[in-house]
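Asks: structure of the sequence below:
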Amino acid sequence: MNNDITKELNNFLKGNLMAIDAYDNYIHHIQDHALKQIFQQIQQNHKHHAMLIAERIQNLDGMPANEVGIMGNVAQLMSRKTIETDHILQDALTGEQRGIEKSKQILNGDLDDESLTLVETILASNEKHVALLNKFIM
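Replies: As a prediction, the model looks like this:
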């Protein structure tokens, strides 16, 4: 059972690693200082989440993923093409929403109680990211 849990958590971890990389690109291209700070805050949240997920995987005697995989690499290439503020905001919002959808799929999986609580907490944080980003969408 731990293998199933660590596999689910590693997929979740890969999503957070993709988000961290995407926000690197967004932060690099955002000119508005206040918006840049918001993006940095969201990225720091994803980094913290990745650390928590990796730690949980290790506690289950698993090996945390350290790269995003093939689909993640494709997504990273696409996000690097996004350089205009409006497009960056929309791309970030779409990415957060996809992350939430994936999280909900994991919630329906066979996670143990501790892993389930962790994913639910991260999901709630990601929903706050969506609300924050929506404030900037024109």
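Asks: all contacts plus neighbour counts: C-alpha atoms, from now on.
Replies: OK.
Asks: where does this structure have low pLDDT?
Replies: 1, 68-83, 138 (pLDDT under 70).
Asks: which element is the most centrally placed residue in it on?
Replies: Nearest residue to the geometric centre of the chain (CA atoms, centre = their mean): residue 16, 3.1 Å. Counting by DSSP states H and E, the element that carries residue 16 is helix 2-29.
Asks: for residue 137, same thing?
Replies: Applying DSSP H and E, one finds residue 137 in no helix or strand.
Asks: how about the contacts made by it?
Replies: By CA atoms under 8 Å, 6 or more residues apart in numbering, the contact set of residue 137 is 86, 89, 90.
Asks: make it 7 Å
Replies: residue 89 (CA atoms under 7 Å, 6 or more residues apart in numbering).
Asks: packing partners of the helix holding residue 16?
Replies: helix 33-59, helix 69-80, helix 85-107 (3 or more CA pairs under 7 Å, 6 or more residues apart in numbering; DSSP states H and E).
Asks: thank you kindly, that will do.
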